[in-house]
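K.L.:
Any chance you can model this:
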Amino acid sequence: MKNGILYLLFGLCVSTAMGQSLPKFGLSGGLLNTNADINVSALGFNLANIDAVNKTGFYVGVAADIAATDALHIQPELLYGSAGDLGFVYLPVMLKYFLGDNFFLQAGPQLNFSTNLNDIKRAIRDIQGVVGGNGDVDDVLRSTAVDLAVGLGYKVTSNISLQGRYAFALSDRYNGPLGGSLNVRNATLQLGVLYFF
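P.N.:
Numbering: from 1, shown residues only. Presented below is the predicted three-dimensional model:
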């Protein structure tokens with residue numbers, strides 16, 4: 001299903017870009033807050049929901065804007081985010097719908113590649129010590145996750161937009177010995193500026 005969504009969005013990008021104006025390219029950056037929750041359960045019962053990490057940092061990257069119609073745009077991005085000891089590379093593909101000339105809504109899938117998950121690893125070490133799990137924590141976290149991102153924005157000028165976006169995990173990052181009892185999901189809030197050349 002994940003591949004199907006990505007193929008559909010890619011096909012939509014290609015087919016709509018053929019009859020429209022050339023894409024705009026630009027830069028994106030702003031504040032980032034990332035939150036990682038660890039859920040512990042047993043026998044179908046939720047035992048604990050631990051807010052393991054809540055860090056604020058920044059994100060920077062590049063973006064494109066492809067107009068499918070006057071109101072519907074496609075906005076792929078490549079972003080790097082850092083907060084505390086966490087580092088991520090984000091690859092969102094957002095559908096952007098304009099409500100009039102300036103306000104827009106956006107939603108789409110986001111691939112999320114971790115470059116550093118040390119804060120989450122420390123929290124898992126603590127949990128495994130309490131519940132009796134063992135194993136190398138470096139081997140129990142997946143470096144890739146799939147998110148769903150939603151947001152809104154305001155086009156200040158033809159080149160500058162402000163946007164806010166919230167992305168929540170669709171996939172579990174934990175792949176360790178407590179697999180049925182422990183899952184790790186992270187969410188991201190971004191507030192930033194887009195500048196298209």
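K.L.:
From the chain's centroid, how far away is stretch 170-177?
P.N.:
Relative to its chain's centre, stretch 170-177 lies at 16 Å (C-alpha atoms, centre = their mean, to the nearest Å).
K.L.:
For that stretch, buried residues please.
P.N.:
Neighbour-count burial for stretch 170-177, with 16 or more other C-beta atoms under 10 Å as criterion, is recorded at 173-174, 176. Backbone N, C-alpha and C define where each C-beta goes, glycine included.
K.L.:
Let's have those in JSON lines, adding distance to residue 34 and secondary structure.
P.N.:
Output for the buried residues of stretch 170-177, formatted as JSON lines (distance: C-beta to C-beta, whole Å; DSSP: H, G, I helix; E, B strand; the rest coil):
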{"residue": "173", "distance to residue 34": "12", "secondary structure": "coil"}
{"residue": "174", "distance to residue 34": "16", "secondary structure": "strand"}
{"residue": "176", "distance to residue 34": "21", "secondary structure": "coil"}
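K.L.:
I'd like a version of those in a markdown table, one that adds pLDDT and distance to residue 89 as further columns.
P.N.:
Below are those laid out as a markdown table (pLDDT from 0 to 100; distance: C-beta to C-beta, whole Å):
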| residue | pLDDT | distance to residue 89 |
| --- | --- | --- |
| 173 | 82 | 15 |
| 174 | 79 | 20 |
| 176 | 71 | 23 |
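K.L.:
Number of residues surrounding residue 79?
P.N.:
When neighbours are defined as other C-beta atoms under 10 Å, residue 79 has 23 of them.
K.L.:
From the contact count, pick out the helices and strands touching the longest strand along the chain.
P.N.:
Among the segments of the chain that qualify as a strand by DSSP state E, the longest is strand 45-67. Contacts defined by 3 or more C-beta pairs under 8 Å, 6 or more residues apart in numbering; DSSP states H and E place strand 45-67 against helix 2-18, strand 24-42, strand 72-83, strand 86-99, helix 118-131, strand 182-196.
K.L.:
which stretch in these is the model least sure about?
P.N.:
Mean pLDDT per stretch puts helix 2-18 lowest among those, at a mean of 52.
K.L.:
which one of the buried residues of stretch 170-177 is nearest residue 189?
P.N.:
residue 173 (17.9 Å; C-beta to C-beta).
K.L.:
wait, the closest one sits on residue 146?
P.N.:
No - contact criterion C-beta atoms under 8 Å: residue 173 and residue 146 do not qualify, at 10.6 Å.
K.L.:
Can you tell me, leaving aside adjacent residues, what's nearest to residue 162?
P.N.:
residue 154 (5.0 Å; C-beta to C-beta, 6 or more residues apart in numbering).
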